[in-house]
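*Asks:* Show me the folded form of this:
(one chain, ligands or ions: 1)
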Amino acid sequence: MSPPSALIDHSTEIVELAHKKPVLTGPVQVLNGPTRTVEEIAERWDDFKFSPIRESQVSRAMTRRYFKDLDTYAESDIVIVGAGSCGLSAAYMIGKTRPDLKVAIIEASVSPGGGAWLGGQLFSAMVMRKPADAFLREVGVEYEDEGDFVVVKHAALFTSTLLSKVIQFPNIKLFNATAVEDLITRPSGGGIRIAGVVTNWTLVTMHHDDQSCMDPNTINAPVVISTTGHDGPFGAFSVKRLVSMQQIQKLGGMRGLDMNVAEDAIVKGTREVVPGLIVGGMELSEIDGANRMGPTFGAMALSGVKAAEEALKVFEV
Ligand code: 48N
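*Replies:* Numbers count the residues shown, from 1 in each chain. This is a model prediction of the structure:
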């Protein structure tokens, strides 16, 4: 008979999860022999024909994998809420340094990346102030050096490169078009600790008020990194939930734009705000009342690096 949940010792929960075998996908199987090159295909459009398929094969190819992922990541080591520049940077650092940990990224939008597909006012170039150029070199994104800052020729080059690297880690799963609509809690020292997330399809989350009850799904994890951005339709989710759960009094609210003050504050302030919940990126500005920095993204990348470091402390043996 297992002890009531309030008596579960989270440290065993953490130690047990931290030593799970690395999550590796199987080898790519080529069953019907090597395919031709693009050039060879282009030489013979006249008798071009796709290999045959039955619709149910497509359905099974998708659903078999998706439901296996849901089963695998139902118990994750780390959940990252929000796949913007901060969340993806945190995911990259964890994927690189701890291939033995299972990381689930929950992203409400169909398209991950948050606000990092463009620079400011829909201009395409992305500015990062030094020393964040170190992260660009780490992930292999080219930039132009302008002295105290660098410029990536298109923000999408940074975001697509980072996203591609993150998704390729075998121990990381991106669940996009999926919203975190609550937090799993456990009693801890007179307050609570966060022990996972409550999820639903984003379209369902958006329509709870105009439909009968559509219950959510869950992911257990000893550590959650929340990087849901500054306030907006979905933004600042976890910190607003902490207020509604009376775990923090009120939000400081993001302040006016001051690049020099804002970026240092976000990076240095990235931390565990309640046991089990680390907040980074612009979501942090909402809890701390930090300034906003506008169209410069170095703090997002380095806040993600710091959030990853804070999360990995939990798994240090
Ligand atoms: O890009 P964001 O909004 O957030 P960050 O913190 O990664 O980057 C912020 C950055 O883009 C800026 O805002 C820049 C630097 N400007 C500053 C300024 O002064 O204006 O990404 C957050 C992601 C988005 O993709 C959301 O869709 C997602 O989080 N999200 C969620 N995903 C799942 N469940 C939720 N409840 C949720 N809420 C937001």
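*Asks:* contacts, neighbours, all on C-alpha from now
*Replies:* OK.
*Asks:* tell me which element the residue in the chain sticking out farthest from the centre is part of?
*Replies:* The outermost residue of the chain relative to its centre, with distances by Cα atoms, centre = their mean, is D46 at 45.4 Å. D46 is part of no helix or strand when elements are defined by DSSP states H and E.
*Asks:* May I ask which helix or strand of this protein has the lowest mean pLDDT?
*Replies:* helix 10-18 (a mean of 47; mean pLDDT, DSSP states H and E).
*Asks:* Can you name the element that comes right after that helix?
*Replies:* Criterion used, DSSP H and E; the element after helix 10-18 is helix 38-43.
*Asks:* Now do that next one, average pLDDT.
*Replies:* In this model, helix 38-43 carries a mean pLDDT of 93.
*Asks:* Repeat that for stretch 152-163.
*Replies:* Predicted confidence along stretch 152-163 averages 98 (mean pLDDT).
*Asks:* got the buried residues for it?
*Replies:* V152, K153, H154, A155, A156, L157, F158, T159, S160, L162, L163 (16 or more other Cα atoms under 10 Å).
*Asks:* Of those, which pair is most distant in space?
*Replies:* Farthest pair in the buried residues of stretch 152-163 (Cα to Cα) is K153 and L163. Separation: 17.1 Å.
*Asks:* circling back: among the buried residues of stretch 152-163, which are in strands?
*Replies:* Counted as lying in strands by DSSP state E, out of those, are V152.
*Asks:* Mind checking which of the buried residues of stretch 152-163 land in helices?
*Replies:* Using DSSP state H to define helices, the subset of the buried residues of stretch 152-163 located there is A155, A156, L157, F158, T159, S160, L162, L163.
*Asks:* and which of those residues is nearest T63?
*Replies:* T63 lies nearest to L163 out of those, by Cα to Cα, at 22.6 Å.
*Asks:* residues near I53, how many?
*Replies:* 8 (other Cα atoms under 10 Å).
*Asks:* element containing it, please.
*Replies:* Going by DSSP H and E, I53 is not part of any helix or strand.
*Asks:* I'd like to know how far the closest residue to P275 other than its chain neighbours sits from S244.
*Replies:* By the measure of Cα to Cα, 6 or more residues apart in numbering, the closest residue to P275 outside its immediate chain neighbours is R193, 4.7 Å from it. Per Cα to Cα, to the nearest Å, R193 is found 15 Å from S244.
*Asks:* out of those two, which sits in the busier spot?
*Replies:* A direct count of neighbours by other Cα under 10 Å for R193 and S244 places R193 higher, at 20 against 12.
*Asks:* check contacts around that one.
*Replies:* T185, R186, P187, V274, P275, G276, L277 (Cα atoms under 8 Å, 6 or more residues apart in numbering).
*Asks:* same question, I80
*Replies:* G87, A91, V103, A104, I105, I106, V224, I225, S226, T227.
*Asks:* what are the ranges of the helices in this protein?
*Replies:* Counting by DSSP H, the helices of the chain are 10-18, 38-43, 55-72, 85-97, 133-139, 155-168, 202-205, 237-244, 259-269, 282-288, 298-313.
*Asks:* nearest to A125, of these?
*Replies:* helix 155-168 (5.6 Å).
*Asks:* list the helices and strands that closest one packs on?
*Replies:* In terms of contacts (3 or more Cα pairs under 8 Å, 6 or more residues apart in numbering; DSSP states H and E), helix 155-168 is packed against helix 85-97, helix 133-139, strand 172-176.
*Asks:* possible to save the ones you listed as CSV with mean pLDDT?
*Replies:* Putting the helices and strands packed on helix 155-168 into CSV (pLDDT from 0 to 100) gives the following:
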stretch, mean pLDDT
helix 85-97, 98
helix 133-139, 98
strand 172-176, 98
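*Asks:* I'd like those laid out as JSON lines, including distance to V305 and mean neighbour count.
*Replies:* Putting the helices and strands packed on helix 155-168 into JSON lines (distance: least, Cα to Cα, whole Å; neighbours: other Cα atoms under 10 Å) gives the following:
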{"stretch": "helix 85-97", "distance to V305": "5", "mean neighbour count": "26"}
{"stretch": "helix 133-139", "distance to V305": "9", "mean neighbour count": "16"}
{"stretch": "strand 172-176", "distance to V305": "16", "mean neighbour count": "21"}
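*Asks:* possible to save the ones you listed as a markdown table with distance to the ligand?
*Replies:* A markdown table is the format used below for these (distance: least, Cα to the nearest ligand atom, whole Å):
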| stretch | distance to the ligand |
| --- | --- |
| helix 85-97 | 4 |
| helix 133-139 | 15 |
| strand 172-176 | 8 |
